[in-house]
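Undergrad: sequence unavailable; structure follows:
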């Protein structure tokens with residue numbers, strides 16, 4: 001139960017910091033196009049190859065355009081995979097299609113997908129969806145959730161007005 005989780009945090013916090021940087025910026029690009037940029041107040045490089053960051057602000061790009069901005073209290077970056085995790089109370093992801101609120105949000109660079117293992121709240125206009133285990137792309141056009149509870153208003157979703 002609770003003791004095991006506390007033990008893992010203690011072990012992780014005791015890992016040796018090899019470098020600390022204030023006002024940290026990191027960018028991931030593929031074929032010259034930006035995929036994401038992360039700006040943080042502080043970054044700590046750990047012996048394991050992870051980078052721990054405080055107050056991260058991440059911008060995700062698709063096809064050269066800003067698609068989503070994610071903010072949180074802290075985060076971790078996997079240097080050899082370009083994956084990251086943002087933790088917060090709450091983590092907030094904002095795109096043109098809506099806003100995500102959760103406590104933990106992962107970016108899977110290989111699939112260019114976001115994943116939230118816990119509870120998620122998604123807002124589009126006045127429509128609100130709650131669920132767990134969210135997977136989505138940064139534009140929030142396709143979202144997969146488990147244990148969904150929602151209120152959707154037609155004005156907040158695209159409808160085909162040519163059909164009667």
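TA: Yep, it's here. If you're wondering where the values come from, they're calculated on a predicted model, not measured in any experiment.

Undergrad: where do the strands sit along the chain?
TA: Secondary structure of the chain, counting by DSSP state E: strands at 17-30, 33-46, 50-54, 57-62, 65-71, 74-78, 83-95, 99-108, 113-124, 127-136, 143-151.

Undergrad: partner strands of the third one and their direction?
TA: So that's strand 50-54. Strand 50-54 sits in its sheet next to strand 33-46 (antiparallel), strand 74-78 (antiparallel), going by DSSP bridges.

Undergrad: give me whichever of those strands is most buried.
TA: Stretch with highest mean neighbour count among these: strand 74-78 (a mean of 21; mean count of other C-beta atoms under 10 Å). Just so you know, the C-beta spots here come from the backbone N, C-alpha and C atoms, and that holds for glycine as well.

Undergrad: rewinding a little: between the strands paired with strand 50-54, which gets nearest to residue 63?
TA: Smallest distance to residue 63 across these (C-beta to C-beta): 7.8 Å, for strand 33-46.

Undergrad: and the closest one, how far out from the chain's middle?
TA: 13 Å (C-alpha atoms, centre = their mean, to the nearest Å).

Undergrad: so what's residue 61 up against?
TA: Listed by C-beta atoms under 8 Å, 6 or more residues apart in numbering, the contact set of residue 61 reads 33, 34, 35, 36, 37, 67.

Undergrad: from those residues, which is closest to residue 127?
TA: The nearest one, if we look at the contacts of residue 61 relative to residue 127 and count by C-beta to C-beta, is residue 67, at 20.0 Å.

Undergrad: any idea how far residue 52 is from the nearest residue to the closest one once chain neighbours are set aside?
TA: Take residue 67 and drop its neighbours on the chain: the residue closest to it by C-beta to C-beta, 6 or more residues apart in numbering is residue 138, 4.2 Å away. Counting by C-beta to C-beta, to the nearest Å, the gap from residue 138 to residue 52 is 23 Å.

Undergrad: repeat that for residue 117.
TA: 19 Å.

Undergrad: so between the two, which is more surrounded?
TA: For residue 117 and residue 52, the more surrounded residue by other C-beta atoms under 10 Å is residue 52, and the numbers stand at 20 against 14.
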